[in-house]
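S.K.: Need a 3D model of the following:
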Amino acid sequence: MALKGRKTNKNVPIMSHEFVIQNHADIVSCVAMVFVIGLMVQATAPISYMFIAMQHNVNQSEASNQIDPYVKYTYGSKDICAVFFYLLLCIVTHAIVQEYVLDKIIKKLHLSKVKNNKFNESGQLLAFYLFSIIWGGDIIFWENFIFNISSLWEGYPHTDMSSMLKFYFIIQMAYWLHTYTELYFQKVKKEDMFPKIQQATIMFMYILAAYIFNFSRVGILLLVLHYLSEAMYHILQLLEFFDKEENNNKVMQTVGSLASNIVFVTSRFGSIILAVLTFWFGLSQQSAHQGIDLQTFNFNSPGFRLLALFSVCSLQAYLMFDFITNQIKQFREIQPYYSGGGSSTKKVVNKKQLLKKQKDNVKRIHDEDNELTEVDQNTKKPSPISR
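M.R.: Below you'll find the predicted structure:
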């Protein structure tokens, strides 16, 4: 299946940046196919297998009384190859979701270029968050991390991982690394790059730290909690693009915003509770595995536990601070509508605000009309005054 490139009115040179951007999904899929075809050739199969399959499986001793029927894995340098291969697949998947899902929805909505970018960003992130929540929740259920919460710290260091748990972290790292490539493929403006780079860098560093320092069990729980709150936020963002009648959707927006806020705050406090239970109470009770030992990949020392706890709690505090700041800003914006003197004063104020809002809407629609895509240039938009 070939992915369609973006339509253009002129033929671009093959070796140009525009050609690479328009056909990047096909180019990347061809590179990924090289590794797949390499499995069919005996000479190149070991190299291709190193990129596609999970590496560093743990050999269990036959003298052990209890042998796990499932193959366990640890981490190592060969994981870089797997991250690279699945980074390519993330780029291709990103293009498939964009072309066969988001672009078809956008054509029906007739959005401006600015709103197109916001819709695409929320749509892509929501697809990834929902996928990660479902997959991560399935791993948490089968690994019994919820009903046996003490397994988050008992037996540390958790150097052995199941194949699905290891694969989950490989995909997570590959996805957030592919975000950097999308800055080029999507031709993101310089002023819009920093928030995306900041988010991708923070997420990648936290996932990598949990993977390397053998905190994968508590790490996957923290990821699912974080993705749950982010998914609720982006669902609310996408619903706003489908709202046509403001009066009929005020209740829905209010309920959706309240639910999103509750999930966000709950996720933040849940993450802090998990971090305190694991790093402050749980790991401190593992007296047989105290201190840093690089040979056994043990990082259970008081200083390291405090650093890990501070890292998690500081991120949650930053997210809560940003959340509270936005809530205060929104409250200040709507406060003038509910303040004023007598009823006559309120009517005058409301009338002035209505006229100002109508003028702003006319100006906004005129600006958005100039930013419409070529398909929507001839589409006549109704005036907000005539609604």
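
S.K.: CA only for contacts and neighbour counts going forward, please
M.R.: Will do.

S.K.: List the buried residues in the one helix or strand R268 maps to.
M.R.: Assessed by DSSP states H and E, R268 sits inside helix 246-275. The neighbour-count check on helix 246-275 (16 or more other CA atoms under 10 Å) flags 253, 256-257, 260-261, 263-265, 267-272, 274-275 as buried.

S.K.: And the pLDDT at the residue lying closest to F242 once chain neighbours are set aside?
M.R.: Excluding the flanking residues, the one nearest F242 by CA to CA, 6 or more residues apart in numbering is L109, at 7.6 Å. L109 is assigned 85 on the pLDDT scale.

S.K.: Find out how far the one helix or strand F131 maps to is from the centre of the chain, if you would.
M.R.: F131 is part of helix 113-143, with elements assigned from DSSP H and E. Relative to its parent chain, helix 113-143 has a centroid offset of 6 Å by CA atoms, centre = their mean, to the nearest Å.

S.K.: I would like the residues contacting the helix or strand immediately after it in the chain, please.
M.R.: Tracing the chain past helix 113-143, the next element assigned as helix or strand by DSSP H and E is strand 161-162. Applying CA atoms under 8 Å, 6 or more residues apart in numbering, the external contacts of strand 161-162 come out as 70-74.

S.K.: which stretches of the chain have low pLDDT?
M.R.: For the chain, applying pLDDT under 70 flags the ranges 1-10, 59-69, 243-249, 287-289, 337-387.

S.K.: residue ranges of the helices in it, please?
M.R.: 17-22, 24-38, 45-52, 79-97, 103-109, 113-143, 163-185, 190-212, 216-242, 246-275, 302-334, 343-370 (DSSP state H).

S.K.: list the helices and strands the first one packs on?
M.R.: Translated: helix 17-22. Secondary-structure packing of helix 17-22 (3 or more CA pairs under 8 Å, 6 or more residues apart in numbering; DSSP states H and E): helix 163-185.

S.K.: Put the alpha carbons of the helix it packs on into CSV.
M.R.: This file holds the C-alpha atoms of helix 163-185, laid out as CSV (Å, rounded to 0.1, in the frame of the first residue of the first chain):
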residue,chain,number,x,y,z
SER,A,163,8.6,-9.5,26.4
MET,A,164,5.5,-7.2,26.3
LEU,A,165,6.8,-4.9,29.1
LYS,A,166,10.1,-4.5,27.3
PHE,A,167,8.4,-4.0,23.9
TYR,A,168,6.1,-1.4,25.5
PHE,A,169,9.1,0.7,26.6
ILE,A,170,10.8,0.3,23.3
ILE,A,171,7.7,1.7,21.5
GLN,A,172,7.4,4.5,24.0
MET,A,173,11.0,5.7,23.4
ALA,A,174,10.6,5.3,19.6
TYR,A,175,7.4,7.4,19.5
TRP,A,176,8.8,10.3,21.4
LEU,A,177,12.0,10.3,19.4
HIS,A,178,9.9,10.3,16.2
THR,A,179,8.4,13.6,17.4
TYR,A,180,11.6,15.3,16.5
THR,A,181,11.5,14.1,12.9
GLU,A,182,7.9,15.3,12.6
LEU,A,183,9.0,18.8,13.3
TYR,A,184,10.8,18.7,9.9
PHE,A,185,8.2,16.6,8.0
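
S.K.: what's the angle from it to helix 24-38?
M.R.: Here the directions of helix 163-185 and helix 24-38 differ by 140 degrees (axes from the mean of the first three to the mean of the last three CA atoms, to 10 degrees).

S.K.: tell me how far helix 163-185 is from the chain's mean position?
M.R.: Using CA atoms, centre = their mean, the offset of helix 163-185 from its chain centre is 10 Å.

S.K.: and that helix, what other elements does it pack with?
M.R.: Judged by 3+ CA pairs under 8 Å, 6+ apart, helix 163-185 is in contact with helix 17-22, strand 72-73, helix 79-97, helix 113-143, helix 190-212.
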